[in-house]
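[1] A predicted structure for the sequence below; I have some questions about it.
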Amino acid sequence: MKIESVLVTGTTSGVGLALLELYAERGAKVIAVNRRRVPELEARYPQVRFECLDVRSAPAVATLLGGLVESEQLPDAFILNAGINHIDNDAFFDISSYQLVMETNLYGVLNFVQPLTELAPGGAPRHVIAISSMARYVGNPYGLGYSTSKQALTACFEAWSRMYAGTDLIFQRVMLGPVSTAMFAMHDRFPGWMVRIKQLFSVSARGTARAVARLATTRKSRLFYPWRAVPLYLAMWLGRSLVPGFFRGQRTLAGRERRGLARASGEVTR
Ligand SMILES: NC(=O)c1ccc[n+]([C@@H]2O[C@H](COP(=O)([O-])OP(=O)(O)OC[C@H]3O[C@@H](n4cnc5c(N)ncnc54)[C@H](OP(=O)(O)O)[C@@H]3O)[C@@H](O)[C@H]2O)c1
């Protein structure tokens with residue numbers, strides 16, 4: 001199944017930018033959805049249609065999709081890639097930071113899904129692809145919004161890929177391991193040894209884009225990429241489950257400080 005037109009969210013950097021470049025080089029019609037304008041990028045790719053909107057805005061997404069339906073320009077594939085990662089659970093749980101991550105990573109995808117499931121059935125096949133993460137299986141106690149948004153996203157796409165199997169809506173999820181991008185480089189509070197191992201297993205944004213583009217030519221419901229990261233995440237999951245304090249974060253700063261105070265006042269015995 002050849003993809004001749006594609007909409008990608010979050011193309012100013014990382015995986016989204018690599019997808020934009022790849023599809024533009026292949027001569028596909030690309031709609032790039034970003035929350036801000038990047039004039040140099042727009043100048044470099046005059047053939048790409050750039051749409052400036054925040055994926056958290058359901059009305060803005062619905063208006064964009066409504067316009068595409070009306071002009072009969074609905075693309076063959078939607079790659080819902082935009083995402084953020086914040087430390088939201090450190091000295092205290094920061095609900096506004098958590099909410100921002102959930103609204104971007106989860107609702108920023110769901111906002112596209114509702115209008116697509118409302119389309120009259122029986123049209124040309126459309127791929128709806130969510131970029132999720134293997135971190136969904138391991139979690140990061142410091143970045144709760146990230147891991148729980150990816151867990152929810154994965155669960156939704158798992159359900160839709162079954163419910164819509166064999167129809168014109170092809171729901172696919174990409175479970176990414178570490179990819180060398182700006183997000184990967186952020187300080188996520190993992191212990192140094194874990195960061196080094198993740199670096200060892202990381203892949204390029206370009207290779208990731210190629211793997212996602214390959215998935216979009218199939219009806220497969222999921223892709224784990226790169227495969228070599230799967231045992232790593234499995235080992236981290238086992239370690240997390242069996243070894244107390246495996247993540248430095250399992251005893252977050254808040255917990256440590258509170259336990260210290262409680263111990264000093266004699267309230268905690270273990
Ligand atoms: N890198 C990894 O190791 C890794 C691993 C697993 C999964 N992933 C997933 O892969 C996807 C791409 O991540 P990346 O590593 O390429 O990160 P990245 O380089 O930080 O790119 C994220 C993109 O999302 C855009 N974005 C953020 N919030 C947005 C919003 N509200 N509306 C529209 N666009 C928004 C950003 O735009 P601005 O430039 O305006 O911020 C940027 O273009 C994410 O969903 C991420 O969770 C990454």
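    Cool, the structure landed.
[2] so V138 touches Y233, yeah?
    Yes. If you go by C-beta atoms under 8 Å, V138 and Y233 touch, sitting 5.6 Å apart. In this view, the C-beta of every residue, glycine as well, is placed from N, C-alpha and C.
[3] if I look at these two, which residues touch both of them?
    Between them, V138 and Y233 share no contacting residue under C-beta atoms under 8 Å, 6 or more residues apart in numbering.
[4] And stretch 217-232, what's buried?
    Of the residues in stretch 217-232, 221-223, 225-226, 229-230, 232 count as buried by neighbour count, 16 or more other C-beta atoms under 10 Å.
[5] Oh, that last question was meant for stretch 38-52, not what I typed.
    Residues of stretch 38-52 classed as buried: 38, 41, 45, 48-50 (neighbour count, 16+ other C-beta under 10 Å).
[6] JSON lines for those, including distance to I131?
    Output for those, formatted as JSON lines (distance: C-beta to C-beta, whole Å):
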{"residue": "V38", "distance to I131": "20"}
{"residue": "L41", "distance to I131": "19"}
{"residue": "Y45", "distance to I131": "20"}
{"residue": "V48", "distance to I131": "19"}
{"residue": "R49", "distance to I131": "20"}
{"residue": "F50", "distance to I131": "19"}
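[7] Most widely separated two among those residues?
    Comparing every pair within those by C-beta to C-beta identifies V38 and R49 as the most remote, at 14.0 Å.
[8] Filter the buried residues of stretch 38-52 down to the ones in helices?
    Counting by DSSP state H, the part of these found in helices is L41.
[9] just to revisit the earlier point, of the buried residues of stretch 217-232, just say which sits nearest to L153.
    Ranked by distance to L153 (C-beta to C-beta), those are led by R222 at 12.1 Å.
[10] Can you tell me the element the nearest residue to the closest one once chain neighbours are set aside falls in?
    Nearest residue to R222, sequence neighbours excluded (C-beta to C-beta, 6 or more residues apart in numbering): R173, at 4.9 Å. Per DSSP states H and E: R173 is located in strand 169-176.
[11] Is any residue of that strand near the ligand?
    Yes. Under the criterion of C-beta under 6 Å from any ligand atom, strand 169-176 makes contact with the ligand via L176.
[12] Now do that strand: everything it contacts.
    15, 116-117, 119, 125-134, 136, 153-154, 157-158, 160-161, 164, 208, 211-212, 215-216, 219-225.
[13] if we look at the ligand, which of those residues are close to it?
    Subset of those in contact with the ligand: 15, 131, 133, counting by C-beta under 6 Å from any ligand atom.
[14] pretty sure the second one is touching A211, no?
    No. At 11.2 Å, I131 and A211 do not qualify as touching, with contact defined as C-beta under 8 Å.
[15] mind checking how far stretch 142-162 is from the chain centre?
    Stretch 142-162 has its C-alpha centroid displaced from the chain centroid by 9 Å (C-alpha atoms, centre = their mean, to the nearest Å).
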